[in-house]
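> Fold the stuff below for me.
(one chain, ligands or ions: 1)
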Amino acid sequence: MTTSHAVVVGGGIAGLAAAHALARDGVRVTVLEGSPQIGGKLRVSEIAGVPVDEGAESMLARRPEGMDLVRDLGRSADLVNPGTTSSAILSRGALRAIPSGQVMGVPSDLKALAASQVLSPAGLARVPLDLVLPETRRGGDVSVADFIGARVGREVVDRLVEPLLGGVYAGRVELLSFDATLPAVAAAARGHRSLINAVQGIRDAAPKDPGPVFATLPDGLGALPPLVADGIAAAGGTVRTGAMVRELRRREDGWRLTIGPTRDPEYLDADAVVVAVPAAPASRLLAQEAPAAARELAGIEYASMAIITLAYRATAFPRLPDGSGYLVPGVESDPARGGRGVKAVTFSSVKWPHLRDRDPGVIVVRCSIGRFGEEHTLQRPDEELTATAMAELAATCGATELPAETRVTRWGGGLPQYNVGHADRVAKVRAAVAGTPGLAVAGAAYDGLGIPACIASARAAATRVLDHLRSREGAGHDRAGGQAEGTRTQ
Ligand SMILES: Cc1cc2nc3c(=O)[nH]c(=O)nc-3n(C[C@H](O)[C@H](O)[C@H](O)COP(=O)(O)OP(=O)(O)OC[C@H]3O[C@@H](n4cnc5c(N)ncnc54)[C@H](O)[C@@H]3O)c2cc1C
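Just a heads-up that it's a prediction; the model follows:
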């Protein structure tokens with residue numbers, strides 16, 4: 001289509017998906033990834049000879065964007081689905097099945113809720129008050145805990161909503177935005193006095209046989225970024241690693257990026273730029289040219305966490321765990337309240353039968369530790385985090401044998417926190433970026449941190465860049481190959 005050159009900063013799934021969309025539309029594209037490896041939060045490595053994801057491990061299959069990307073890469077036939085999605089909550093001292101009829105922990109089926117025994121008798125008795133309470137008025141955004149607690153009681157928040165949301169954000173329900181983290185529930189709640197009825201409405205409207213919820217690739221979701229990079233290269237694009245972008249400046253005719261160390265900077269010129277990095281580096285990069293966006297981005301906080309992966313011999317478990325895993329509410333896991341500190345456990349070999357098939361003698365389990373504001377729990381050596389995970393599995397599954405192999409992956413600042421006011425903040429970022437020609441942003445900091453949402457933001461960024469390049473070319477700005485590209489100061 002064009003000789004224009006677009007640069008994408010950040011080689012996570014958002015940056016790669018944006019570059020893939022641009023390259024397929026004929027734009028000459030360069031991805032600059034600062035670390036030695038592409039993929040960001042998508043990374044896979046072997047443990048006990050089995051490829052197991054270190055970060056994200058599954059994609060929502062009910063949103064189209066992730067599935068579309070895999071299809072565009074010609075890999076749809078490779079996708080695999082979980083063997084089971086049934087999971088439990090560790091509540092009041094025992095593992096209890098997550099009650100049916102809930103949406104992100106907000107109940108609609110009170111019988112199923114009672115049968116699950118997740119709540120205490122007092123907590124359970126509080127829930128139906130929602131049906132008779134007057135409307136809970138709210139002007140703007142409110143926290144998850146404030147709104148849901150006011151409707152169905154604090155125990156629902158602590159023992160159902162918090163662990164389910166914790167699996168996504170590792171955040172604090174007192175801070176997380178109701179509108180941004182539970183958009184479907186928040187929208188339904190605006191149309192109903194009762195929250196239970198609002199959730200029932202969502203359930204009634206859901207397709208009856210929607211197909212599998214999640215999907216992954218046989219070699220792990222960490223195998224997706226290299227496939228996207230291959231797709232970019234096949235369309236004529238370039239993906240570079242070890243290319244940390246330090247500065248982004250507008251020039252008369254486009255953009256100039258400064259890459260690498262101050263001692264030995266490299267300059268790269270572009271007609272348009274997609275910034276697809278987390279909020280803190282995005283804020284630094286936009287400080288000069290979109291200061292209003294940079295200010296808002298600087299206010300987005302991140303939670304840190306660690307994934308401890310344990311590969312046991314199958315004989316270590318008295319019986320194979322059933323279900324894909326379990327969640328531990330903060331009120332149960334908090335070491336200050338006698339908890340063990342693990343917030344979620346995934347029985348990877350049960351959830352993903354293809355992993356079990358690789359080696360039926362090995363049971364792989366992933367445990368996550370760390371919530372927003374609990375960074376101190378991660379300031380311990382790997383051995384201690386591993387021991388914490390092992391103690392959790394000994395207590396809940398009777399796995400007292402030592403694992404054959406262990407791995408600790410730390411994700412410092414891994415998960416953006418969509419706190420109260422997030423949607424307004426993002427609207428301000430987008431407004432500032434919209435006023436800066438040839439600039440777009442994408443990634444987990446904005447409209448959803450799940451992989452399909454990141455890909456959606458990437459596609460929107462690619463469309464914005466394409467529109468800009470087309471209007472420039474229409475105005476006769478096309479340049480033959482860009483100037484001063486890849487030049488170094490000598
Ligand atoms: C442990 C964990 C488990 C998760 N599990 C799931 C899951 O199962 N399913 C799901 O849908 N989502 C999951 N998520 C969320 C999802 O993986 C992320 O939100 C998503 O991958 C973020 O993609 P991104 O491209 O926006 O950012 P990132 O993956 O953070 O990529 C950004 C990239 O930019 C690079 N970068 C930063 N600064 C610069 C710079 N100045 N110059 C050049 N490069 C730079 C970084 O090195 C990084 O590679 C999980 C997240 C974590 C942390």
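> Could you pull out the buried residues of the helix or strand hosting residue 230?
Here residue 230, judged by DSSP states H and E, is contained in helix 224-234. Under the neighbour-count criterion of 16 or more other Cβ atoms under 10 Å, helix 224-234 has 224-229, 231-232 buried. (C-beta placed from N, C-alpha, C; glycine too.)
> With respect to the ligand, which of those is nearest?
residue 225 (8.8 Å; Cβ to the nearest ligand atom).
> quick one: contacts for the nearest residue to that closest one once chain neighbours are set aside?
For residue 225, ignoring the flanking residues on the chain, the nearest one in space by Cβ to Cβ, 6 or more residues apart in numbering is residue 39 at 3.6 Å. Residue 39 sits next to 11-13, 16, 222, 224-226 when contact means Cβ atoms under 8 Å, 6 or more residues apart in numbering.
> which of the residues you listed are close to the ligand?
For the ligand, the contacts drawn from the contacts of residue 39 by Cβ under 6 Å from any ligand atom are 11-13.
> Just the closest of those to residue 256, please.
Closest approach to residue 256 among the ones next to the ligand among the contacts of residue 39 (Cβ to Cβ): residue 11, at 20.0 Å.
> Save the buried residues of helix 224-234 as JSON lines, and put in distance to residue 212 and pLDDT too.
Shown next, in JSON lines, are the buried residues of helix 224-234 (distance: Cβ to Cβ, whole Å; pLDDT from 0 to 100):
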{"residue": "224", "distance to residue 212": "17", "pLDDT": "98"}
{"residue": "225", "distance to residue 212": "22", "pLDDT": "98"}
{"residue": "226", "distance to residue 212": "24", "pLDDT": "98"}
{"residue": "227", "distance to residue 212": "20", "pLDDT": "98"}
{"residue": "228", "distance to residue 212": "22", "pLDDT": "98"}
{"residue": "229", "distance to residue 212": "26", "pLDDT": "98"}
{"residue": "231", "distance to residue 212": "24", "pLDDT": "98"}
{"residue": "232", "distance to residue 212": "28", "pLDDT": "98"}
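> so what strands line up beside whichever strand or helix holds residue 215?
Here residue 215 sits within strand 214-215, counting by DSSP H and E. Sheet pairing for strand 214-215, assigned by DSSP bridges, gives strand 59-60 (antiparallel).
> follow-up on the earlier one: quick check: what element follows the helix holding residue 230 along the chain?
Assigned by DSSP H and E, the successor of helix 224-234 is strand 238-240.
> May I have the helix or strand just after that following strand exported as PDB, CA atoms only?
Under the assignment DSSP H and E, the closest C-terminal helix or strand after strand 238-240 is strand 245-251. C-alpha atoms of strand 245-251 as PDB (Å, rounded to 0.1, in the frame of the first residue of the first chain):
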ATOM      1  CA  VAL A 245      13.200   3.000  23.200                       C
ATOM      2  CA  ARG A 246      14.200   5.900  25.400                       C
ATOM      3  CA  GLU A 247      12.700   8.900  23.700                       C
ATOM      4  CA  LEU A 248       9.900   9.700  21.300                       C
ATOM      5  CA  ARG A 249      10.000  13.100  19.600                       C
ATOM      6  CA  ARG A 250       7.800  14.600  16.900                       C
ATOM      7  CA  ARG A 251       9.600  16.000  13.900                       C
END
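> Assess the claim that residue 378 and residue 303 are in contact.
No: counting by Cβ atoms under 8 Å, residue 378 stays clear of residue 303, with 10.3 Å between them.
> residues shared between the contacts of the two?
In contact with both residue 378 and residue 303: residue 370, using Cβ under 8 Å, 6+ apart.
> Of these two, which one has the most company?
Comparing residue 378 with residue 303 by other Cβ atoms under 10 Å, the one with more neighbours is residue 303, at 22 against 16.
> who's the more buried one bridged to?
residue 415.
> Can you check the pLDDT for it?
Note on residue 303: pLDDT of 97.
> so who does it touch?
Residue 303 touches 169-171, 370-373, 413-415, 417, counting by Cβ under 8 Å, 6+ apart.
> got it, and residue 126?
With contact set as Cβ under 8 Å, 6+ apart, residue 126 has these partners: 152-153, 155.
> per-residue confidence for it?
Looking at residue 126, its pLDDT stands at 98.
> and the contacts of residue 303 near the ligand, which?
Within the contacts of residue 303, those near the ligand by Cβ under 6 Å from any ligand atom are 414-415.
> can you count the residues close to the residue in the stretch 101-250 of the chain positioned nearest to the ligand?
Per Cβ to the nearest ligand atom, the residue of the stretch 101-250 of the chain with the smallest distance to the ligand is residue 245, at 3.8 Å. By the criterion of other Cβ under 10 Å, residue 245 has 23 neighbours.
> Name the residues linked to it by a beta bridge.
residue 259.
> wait, it sits on residue 9?
Yes: Residue 245 lies in contact with residue 9 (Cβ under 8 Å); the separation is 4.8 Å.
> what is the mean pLDDT for the longest helix anywhere in the chain?
If you go by DSSP state H, the chain has its longest helix at helix 451-474. Averaging pLDDT along helix 451-474 gives 95.
> Alongside the ligand, which residues does the stretch 1-150 of the chain contribute?
So the stretch 1-150 of the chain meets the ligand at 9-15, 32-35, 40-42, 55-59 (Cβ under 6 Å from any ligand atom).
> The same query, at a cut-off of 5 Å, please.
Neighbours of the ligand within the stretch 1-150 of the chain, by Cβ under 5 Å from any ligand atom: 10, 12-14, 34-35, 40-41, 55-58.
> Any of the residues you listed buried? List them.
10, 12-14, 34, 40-41, 55-58.
> Adding secondary structure as columns, could you present those in CSV?
Below are those laid out as CSV (DSSP: H, G, I helix; E, B strand; the rest coil):
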residue, secondary structure
10, coil
12, strand
13, helix
14, helix
34, coil
40, coil
41, coil
55, coil
56, coil
57, coil
58, coil
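> Could you dump those into a markdown table and include pLDDT?
Below are those laid out as a markdown table (pLDDT from 0 to 100):
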| residue | pLDDT |
| --- | --- |
| 10 | 98 |
| 12 | 98 |
| 13 | 98 |
| 14 | 98 |
| 34 | 98 |
| 40 | 98 |
| 41 | 98 |
| 55 | 98 |
| 56 | 98 |
| 57 | 97 |
| 58 | 96 |
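> Could you list the low-pLDDT ranges of the stretch 1-150 of the chain?
Across the stretch 1-150 of the chain, the ranges flagged by pLDDT under 70 are 1-2.
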